[in-house]
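[1] build the 3D model from these lines:
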Amino acid sequence: RVSIARKAHWVDCVTQEQAHRLEEETGRRVDVVMNGVNTSLFKPNSETRRAEIRADLGIPEQAIVVGYCGGFPEQRGAREISALTALAPETFGVVIGQLIEADCAELAHDRIRLLGEIDYQEVPDLVGAFDVAVALDVPGRSGVAGNSNQKVRQGLASGAWILTQAADLPFEDKP
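    Coordinates of the predicted model:
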């Protein structure tokens with residue numbers, strides 16, 4: 001860990017305590033990045049576990065899974081996932097987070113799984129089943145909160161591609 005930190009171009013930590021300890025150990029500056037990710041929880045799933053999760057959700061093993069996990073899914077990715085999966089027959093969508101009944105009715109179709117709120121202990125495994133993690137944000141929030149950095153980091157740590165938008169530009173709704 002120290003050797004890697006000494007050679008790295010940039011080092012960041014989730015807490016001030018981690019940063020301080022690593023600065024002492026390496027003699028270099030370490031930045032603190034809020035909304036970091038616990039990589040002992042968020043990591044790529046084994047092929048076996050990935051197949052089990054997909055089977056549990058009724059998703060074919062070879063499908064492309066596009067997913068979102070977090071708060072305000074109707075504003076931050078669920079609509080885009082529903083539209084994408086409705087158009088692309090090889091894709092399935094997974095949306096984790098609280099939705100009102102009207103949103104569920106609007107977003108539902110045969111290749112989208114609206115899981116609602118789930119126990120946090122289940123989240124890493126499910127995110128590990130995503131091929132593409134959606135990390136969109138509402139324009140006013142993205143400039144302040146850093147464009148869903150936690151979702152970006154969780155998806156990357158889990159081995160997913162990331163679908164996001166620039167933090168300083170509003171999302172453009174184009175095909």
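
[2] and the next element down the chain from the lowest-mean-pLDDT helix or strand in the chain?
    Least confident helix or strand of the chain, by mean pLDDT, DSSP states H and E, is helix 139-145 with a mean of 55. Using DSSP states H and E, the helix or strand that follows helix 139-145 in sequence is helix 149-157.

[3] what is the rounded mean pLDDT of stretch 99-117?
    When pLDDT is averaged along stretch 99-117, the result is 93.

[4] got the buried residues for it?
    L99, D103, L107, R111, I112, R113, L114, L115 (16 or more other CB atoms under 10 Å). C-beta: built from backbone N, CA, C; applies to glycine.

[5] next step: those residues restricted to helices.
    Using DSSP state H, the subset of the buried residues of stretch 99-117 located in helices is D103, L107.

[6] remind me which residues of the chain are low pLDDT?
    The model of the chain has pLDDT under 70 over residues 12, 14-15, 33-36, 138-148, 166-175.

[7] let's go with 80 and repeat that
    1-2, 4-6, 8-18, 31-37, 72, 75, 137-150, 165-175 (pLDDT under 80).

[8] contacting residues around the nearest residue to P73 once chain neighbours are set aside?
    Excluding the flanking residues, the one nearest P73 by CB to CB, 6 or more residues apart in numbering is G97, at 3.9 Å. Counting by CB atoms under 8 Å, 6 or more residues apart in numbering, G97 makes contact with Y68, C69, G70, G71, F72, P73, A78, G116, E117.

[9] ok, so of those residues, who is nearest L156?
    C69 (13.6 Å; CB to CB).

[10] what sits against the nearest residue to W161 once chain neighbours are set aside?
    Among residues not flanking W161 along the chain, V132 sits closest, at 4.7 Å (CB to CB, 6+ apart). If a contact means CB under 8 Å, 6+ apart, then V132 has I64, V65, V66, G67, A160, W161, I162, L163 as its contacts.

[11] so how far is A5 from the last one?
    Per CB to CB, to the nearest Å, L163 is found 30 Å from A5.
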